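Peer 1: sharing a sequence plus its predicted fold:
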There are 2 protein chains.
Amino acid sequence: MTAAAKTDLTAPVADLFDDARVASIYRTAAELIHAKGFAGTSMNEIAEAADLTKPGLYYHVKNKRELLFRITSFAMDLLDARVVAQAESIDEPAVRLRTIVHGHARLLLHEPGALAILIDEVDGLDPQQRAIITRRKRRYYDFLRDAIIDLQRAGRLRPATLDPTVTAFNLLGMIMWTARWYRVDGALGPDAVADTVATMAMHAVLGDDDAQQRTTIS
Amino acid sequence: MTAAAKTDLTAPVADLFDDARVASIYRTAAELIHAKGFAGTSMNEIAEAADLTKPGLYYHVKNKRELLFRITSFAMDLLDARVVAQAESIDEPAVRLRTIVHGHARLLLHEPGALAILIDEVDGLDPQQRAIITRRKRRYYDFLRDAIIDLQRAGRLRPATLDPTVTAFNLLGMIMWTARWYRVDGALGPDAVADTVATMAMHAVLGDDDAQQRTTIS
DNA sequence: CAAACTTTACCGACCGGTAAGTAAACGTCC
DNA sequence: GGACGTTTACTTACCGGTCGGTAAAGTTTG
């Protein structure tokens, strides 16, 4: 892949916003909300963490709902730009699946607050906002599930009777869960953990000859 | 308690409390908290869902923290009584691991609110309560990880280089995540989903000959 | 001058929690 | 069996505090 920037998780995300200050506020808010939950985080706390007073914060954001919506949308943008974009052109379904799982886990482990939030916190959005996010999440989920269905059609899904829907959720579970337990000061780095997740995912879904050979090309 | 009652997930949990009314309050509260988060659920809402006024609720529970602590402790009791008790006497590590994963998933899928809460919501407890819960969670986690370590010692852990700690977390992720996506009105029943989780877990961790043969005895 | 704040003061709603009173059931003593 | 306390399971009314959010006026920076 020539586009080295695509997989560069350390690239400043602030660039995606027109305004860097607003971006840093979002980031701060995202980390707080990730740590304490949306309902458990007050606008006052967010303001203080961003070195602002509450009215100062309200100069930048319209209200709490809007703040959550923007953060969540931003997280979905990241997922599309860094995971889907990288994987969608891959024809080989096993390689595609591994790229998705690995990329998603890697993104999650490198981006503490921001992405992890879209895990939960769909409540707290108003109905229209929630509908938008739900639609985007479903699109991503279908993208993941399609890779599994392609494997099944090719007769390579190892317990061939696995339900693709449940399988997709289970893989997502491994990925998402990392956001809860992983600590940066732990024994393993984020990339090592992402590798483990991807390896286990492929073994869970393919016969293990297949799992080792076909997917380590990348 | 007879041996049969141990695995009967449909047994009334209320019996475990001396008082049935309090048990139903806990259950109602657990479902609400599971759906909306601890911070996002007010004592007023809990009271109304239990057909009480707020002071009526406070007649039964000391305060919000205590309520969460009791629910969480109860969930840990269930896990110990129904999953650990069933698996700890099994010597064969693969069978033991499958029993743990399958039993935990099954319990989670049959008990909507109550058990799912201990996933999160360790904040909202005071330090001493949190220490107690954290200790119990760690004991359970070690129990799961030990099964993986035993497999590794026997040379049967399939990608032999898997880190047992990360592996344990990843299996837990699949299990816990079911509480987020599973709906009772879906296509598959709870036992079918639990089977899928257990099957994928075993394939993720064992060579697939091993995964199919050794663990279907049960 | 305008943008990006600040400080101060405030709003109504709801939060967790409590004080005080009450209606019904229960035990018990005569 | 009727009167009398006691206990159980609540209720209405209310507390101080914090929530999300705003108004208004002043201050700093490019």
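Peer 2: Sure thing, it's come through.
Peer 1: say whether chain B is contacted by the helix or strand harbouring A:Ala179.
Peer 2: A:Ala179 belongs to helix A:164-181 when elements are defined using DSSP states H and E. Yes: using CB under 8 Å from any CB of the partner chain, we find that helix A:164-181 touches chain B at A:165-167, A:169-178, A:180-181. For the C-beta atoms, the positions are set from N, CA and C on the backbone; glycine is no exception.
Peer 1: pull out the buried positions in that helix.
Peer 2: A:164-179, A:181 (16 or more other CB atoms under 10 Å in any protein chain shown).
Peer 1: and for stretch A:46-59?
Peer 2: A:46-47, A:50, A:52, A:57.
Peer 1: then stretch A:72-82?
Peer 2: Applying 16+ other CB under 10 Å to stretch A:72-82 flags A:72, A:74-76, A:78-79, A:82 as buried.
Peer 1: now do stretch A:89-107
Peer 2: Of the residues in stretch A:89-107, those buried (16+ other CB under 10 Å) are A:90, A:92-107.
Peer 1: do that stretch and chain B meet at all?
Peer 2: No: interface with chain B: stretch A:89-107 contributes nothing (CB under 8 Å from any CB), its closest point being 9.7 Å away.
Peer 1: and the longest helix belonging to chain A, average pLDDT?
Peer 2: Taking DSSP state H as the criterion, chain A has its longest helix at helix A:127-153. Mean pLDDT, computed over helix A:127-153, is 96.
Peer 1: counting by contacts, list what it packs against.
Peer 2: Packing contacts for helix A:127-153, counted by 3 or more CB pairs under 8 Å, 6 or more residues apart in numbering or on different chains; DSSP states H and E, involve helix A:64-79, helix A:93-110, helix A:164-181.
Peer 1: tell me the angle the first one makes with helix A:127-153.
Peer 2: Put simply, helix A:64-79 runs at 20 degrees to helix A:127-153, going by axes from the mean of the first three to the mean of the last three CA atoms, to 10 degrees.
Peer 1: restrict the buried residues of stretch A:46-59 to those near DNA strand C?
Peer 2: A:52, A:57 (CB under 7 Å from any atom of the strand).
Peer 1: same list (the buried residues of stretch A:46-59) but as TSV, adding pLDDT and distance to A:Ala204.
Peer 2: Below are the buried residues of stretch A:46-59 laid out as TSV (pLDDT from 0 to 100; distance: CB to CB, whole Å):
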residue	pLDDT	distance to A:Ala204
A:Ile46	94	39
A:Ala47	93	44
A:Ala50	91	41
A:Leu52	91	46
A:Leu57	93	44
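Peer 1: out of the buried residues of stretch A:46-59, list just those in helices.
Peer 2: A:46-47, A:57.
Peer 1: so which strand or helix has the most far-flung residue of chain A relative to its centre?
Peer 2: Here chain A reaches farthest from its C-alpha mean at A:Pro55, the gap being 31.3 Å by CA atoms, centre = their mean. Using DSSP H and E, A:Pro55 maps to helix A:54-60.
Peer 1: elements contacting that helix?
Peer 2: helix A:20-36, helix A:43-49.
Peer 1: so which of the ones you listed gets nearest B:Glu111?
Peer 2: helix A:20-36 (26.1 Å; CB to CB).
Peer 1: out of the buried residues of stretch A:72-82, which one sits closest to A:Pro127?
Peer 2: A:Thr72 (14.4 Å).
Peer 1: residue contacts, that closest one?
Peer 2: Going by CB atoms under 8 Å, 6 or more residues apart in numbering or on different chains, A:Thr72 touches A:117-118, A:121, A:125, A:133.
Peer 1: so how far is DNA strand D from the closest residue to A:Glu121 other than its chain neighbours?
Peer 2: Among residues not flanking A:Glu121 along the chain, A:Phe38 sits closest, at 4.7 Å (CB to CB, 6 or more residues apart in numbering or on different chains). A:Phe38 sits 8 Å away from DNA strand D, going by CB to the nearest atom of the strand, to the nearest Å.
Peer 1: same question for A:Ala179.
Peer 2: Distance from A:Ala179 to DNA strand D, by CB to the nearest atom of the strand: 22 Å.
Peer 1: dump the residue contacts of the closest residue to that residue other than its chain neighbours.
Peer 2: Nearest residue to A:Ala179, sequence neighbours excluded (CB to CB, 6+ apart): A:Ala116, at 3.8 Å. Going by CB under 8 Å, 6+ apart, A:Ala116 touches A:34, A:108, A:179.
Peer 1: columns distance to B:Gln129 on top of these, output as CSV?
Peer 2: What follows is the contacts of A:Ala116, written out as CSV (distance: CB to CB, whole Å):
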residue, distance to B:Gln129
A:His34, 23
A:Leu108, 29
A:Ala179, 24
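Peer 1: let me know the closest of those to DNA strand C.
Peer 2: Using CB to the nearest atom of the strand, A:His34 comes nearest to DNA strand C of those, at 21.2 Å.
Peer 1: how many residues are close by the closest one?
Peer 2: A:His34 is flanked by 23 other residues according to other CB atoms under 10 Å in any protein chain shown.
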